[in-house]
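[1] Sequence and predicted model, in that order:
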Amino acid sequence: MSDFPRWKYLLVVVVLVLGTLFALPNLYVPKPAVQVSATHSAVVDQALQQKVTAALQAAKIPYLDSSLKHDASRGDLILIGFANQDQQKAAADALKPVLGDDYTAAFNLQSTVPSWLSAIGGRPMPLGLDLQGGVRFLMAVDQNDVIDKQETRYTQDISSLLKNKKIAFVSVARDPTRGQGVNVVLGSSADRTAASDAIATEFTDLTVTDGANTGNRFVLNASIKPIKLRDLATGAIRQNLATLSNRINALGVSEPVIQAQGEDQIAVELAGVQDPAEAKKVIGATATLEYVAGMGEARTNGRTWAGDQATVDAVNTGNIPPDDHLYYNREGSIAYLVSKSIIATGDELVDASSGNDQQSGSPSVNVTLNSAGAAKMLDFTRDNVGKPMAVVYVETTTETKVVNGAEVRTPKTTYAVINYANINGVFSNKFQTTGLASPKEASELALLLKGGSLAARMEIISEGVIGPSMGQDNIKKGLNAVLLGLGLVLLAAAIYYKLFGLVADIALFFNLVILVAVMSAIGVTLTMPGIAGIVLTLGMAIDANVLICERVREEMRNGSTPLAAIRAGYEKAWATILDANVTHLIAALALTTMGSGPIKGFGVTLLIGILTSMFTSVTVTHAITALIHHGRKLKTLSV
């Protein structure tokens, strides 16, 4: 008899039911939507929601619904659903001037999956750039910024070297005449010779030459060697690629494409991203922190300024001491004089995480510095206990203006003091930065800092949104390919193997259902290569049933009874099926682990498909066959 344990029947039923449930969300097409979210500390509430809906009604743009939601990573946001993409685009264009700079209105997709299905974890597969559309950025790396940063480091390092060597000098500063290089001014010819030897020995990447003498000022010119400049340019591209990868991974984007293009450009493609503003804020931003000595502060009551006199004079007259900067807090109500000498920067951060200050409960960022930054912080705090230190938030954005009909993009750097307090004790590598406006801002800053600092400033020179029209065409062609392949395989199996072929067809259909369910449950992004993997899986899955049917036929020819032939067919074919699929699994695993982008997407789909096909082709077909033939007296089999 063809015995089949009851627990296996139960297993098949449970898997098929769960597979159907988790594959079901893919039948619900998401609708176009516009997402309104805040920048930094702006408030998203019902009043803003009413303002948004009123603006849409005034512009006579129909919308389906409007809801106020809370997202764990993005905070509060408003989601407005529309019937089509034309209404979506018109709404986004109408809302941007109404919302101003404090809010962003970006394209999004609103799920239409029923709440009961979402409650059990059902979700559709995210679609790739070639299916769903997405965003493509082309970013230019500012190579001059690389040189500026390196020369600033050399300026500080040369000053420290001369102090350690006890060589008297007048000044060490960037060369103002040539635009590049470092000028070292000394008081005597002997000091210049000693400084030249020390710098050339310590910094082999610099070319040191004597400059012009004026009275008792003896000048050295130090410039970076060409080979070092090339290494800096290459290293900047490499570090920015790694930094962008870290930031995008933190965003949770599946299978992003990040690659160098030319000598000073980086292309970024974000599959399935419908919120380019959010992506641009994280990718294009060069936000970081600077820790500097505080020199004074002044506050305003809206009319006059009061506080440190030097700070008040700097605000009122615009005459800022040459060694200081004048910055303000975010609200512009407090002015600060801070030293131009930076203690530590975001370049020296090892880790950053958002949290809350234990004393005040306000949002904070817990910072860990590397050894170089920790040493400088230790030296400064040890010598300045009781004195103020300022934390400056530096953010570079790109402003776009239309000049003579053409878009002109210019970088804009803003500085805001987010924390100004006296140093209560000595610390070095680990400390806390407070003064942030909201937990969302603390989370965003920690993300940028932890993702890594960009080696050079980058500017987004082109931004393209790949529309869904091309994706819909790809989806249609991919779906046709799957249905055509599935239909031909089903037809061939039913004709050649009769009843056993129909059983294999049922199993093949459920193989597709379970494959889609697994990919949806674990969040695999579906791309065109992934669809190719599905088609290949369907073609390969029938191989196991071919082996089983041929083995059953062979047993019947050898004189076995029908039920004995069924049992022997499954038992004897299993070893061959296992061997064949193990070799396929090894190949799929290699594609998944060693491939990237489309190759990885194909490998993941193939890997999951092989595992599901082994279950449906053997266990599911065996269960159906046993259910049909069990307890019957058979003389022959329809195979």
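    It's in. Residues are numbered from 1 along each chain as shown.
[2] Could you report the neighbour count for Asp191?
    Counted by other C-beta atoms under 10 Å, the residues lying close to Asp191 total 19. For the C-beta atoms, the positions are set from N, CA and C on the backbone; glycine is no exception.
[3] got it, and the one 10 residues further on?
    Applying other C-beta under 10 Å, we find 10 other residues in the vicinity of Thr201.
[4] contacting residues around Asn216?
    187-188 (C-beta atoms under 8 Å, 6 or more residues apart in numbering).
[5] if I look at it, how far off is Thr396?
    41 Å (C-beta to C-beta, to the nearest Å).
[6] If you count residues, where's the longest helix of the protein?
    For the chain, the helix with the greatest residue count under DSSP state H is helix 468-522.
[7] which strands and helices sit next to it?
    helix 6-23, helix 129-132, helix 528-557, helix 598-614, helix 621-629 (3 or more C-beta pairs under 8 Å, 6 or more residues apart in numbering; DSSP states H and E).
[8] any chance of those in TSV, with mean pLDDT, distance to Ala92 and mean neighbour count too?
    Below are those laid out as TSV (pLDDT from 0 to 100; distance: least, C-beta to C-beta, whole Å; neighbours: other C-beta atoms under 10 Å):
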stretch	mean pLDDT	distance to Ala92	mean neighbour count
helix 6-23	91	32	15
helix 129-132	72	18	24
helix 528-557	83	28	21
helix 598-614	86	30	23
helix 621-629	85	51	20
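[9] May I see the ones you listed organised as a markdown table, with distance to Val184 added?
    Output for the helices and strands packed on helix 468-522, formatted as a markdown table (distance: least, C-beta to C-beta, whole Å):
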| stretch | distance to Val184 |
| --- | --- |
| helix 6-23 | 69 |
| helix 129-132 | 52 |
| helix 528-557 | 58 |
| helix 598-614 | 52 |
| helix 621-629 | 83 |
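[10] looking at this, Leu48 is in a helix?
    Yes: assessed by DSSP: H, G, I helix; E, B strand; the rest coil, Leu48 belongs to a helix.
[11] Helix, strand, or coil at the closest residue to it other than its chain neighbours?
    Excluding the flanking residues, the one nearest Leu48 by C-beta to C-beta, 6 or more residues apart in numbering is Ile78, at 6.7 Å. Here Ile78 is recorded as strand under three-state DSSP.
[12] State the distance from Ile78 to Pro439.
    The value you get for Ile78 to Pro439, if C-beta to C-beta is used, is 19 Å.
[13] So which of these two has more stuff around it?
    Neighbour totals were compared for Ile78 and Pro439, and Ile78 leads with 25 against 15 (other C-beta under 10 Å).
[14] got a list of what the more buried one touches?
    Contacts of Ile78 by C-beta under 8 Å, 6+ apart are 35-37, 44, 48-49, 52, 66-69.
[15] Check Val315 too.
    298, 305, 326, 335.
[16] Outside of stretch 143-162 itself, list whatever touches it.
    169, 172-174, 180-182, 184, 195, 198-199, 202-203, 206, 222, 224, 229, 232-233, 236, 264, 347, 455-457.
[17] Please spell out the ChimeraX selection for the buried subset of the residues you listed.
    A single ChimeraX command selects the buried members of the contacts of stretch 143-162 (16 or more other C-beta atoms under 10 Å):
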select :169,172,181,182,184,195,198,199,203,206,222,224,229,232,233,236,264,455,456,457
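[18] contacting residues for Pro30?
    With C-beta under 8 Å, 6+ apart, Pro30 has these contacts: 109-112, 124.
[19] same thing but at 10 Å, please
    Counting by C-beta atoms under 10 Å, 6 or more residues apart in numbering, Pro30 makes contact with 81, 108-113, 124, 127, 132, 274.
[20] Over to Arg192?
    Contacts of Arg192 (C-beta under 10 Å, 6+ apart): 167, 169, 184-186, 210-211, 213, 217-220.
[21] related to what we said a few turns ago, just the ones of the contacts of Val315 in helices?
    Among the contacts of Val315, no member lies in helices (by DSSP H).
[22] Secondary structure element holding Ala198?
    Using DSSP states H and E, Ala198 falls within helix 189-202.
[23] How far does that helix sit from its chain's centre?
    47 Å (C-alpha atoms, centre = their mean, to the nearest Å).
[24] Past it, which element shows up next along the chain?
    From helix 189-202, the next helix or strand downstream (DSSP H and E) is strand 206-210.
[25] If you count neighbours, what's buried in that next one?
    For strand 206-210, using 16+ other C-beta under 10 Å, the buried residues are 206, 208.
[26] tilt between it and helix 189-202?
    170 degrees (axes from the mean of the first three to the mean of the last three C-alpha atoms, to 10 degrees).
[27] From the contact counts, what lies against strand 206-210?
    helix 143-164, strand 182-186, helix 189-202, strand 218-224, helix 226-251 (3 or more C-beta pairs under 10 Å, 6 or more residues apart in numbering; DSSP states H and E).
[28] so which of these comes closest to Tyr103?
    helix 226-251 (19.8 Å; C-beta to C-beta).
[29] got the angle for the closest one vs strand 218-224?
    Using the same axes, to 10 degrees: helix 226-251 against strand 218-224 is 60 degrees.
[30] which helices and strands sit right next to the next helix or strand after helix 226-251?
    Per DSSP H and E, the first helix or strand lying C-terminal to helix 226-251 is strand 257-261. In terms of contacts (3+ C-beta pairs under 10 Å, 6+ apart), strand 257-261 is packed against strand 134-141, helix 226-251, strand 265-271.
[31] And these, which one averages the lowest pLDDT?
    Mean pLDDT is lowest for helix 226-251 among the helices and strands packed on strand 257-261, at a mean of 76.
[32] So Gly569: helix, strand or coil?
    With three-state DSSP as the criterion, Gly569 reads helix.
[33] Contacts only, for the closest residue to it other than its chain neighbours.
    Closest residue in space to Gly569, ignoring its immediate chain neighbours: Val552 at 3.5 Å, by C-beta to C-beta, 6+ apart. Under the criterion of C-beta under 10 Å, 6+ apart, the neighbours of Val552 are 497, 500, 560, 562, 565-570, 572-573, 625, 637, 639.
[34] All set, thanks.
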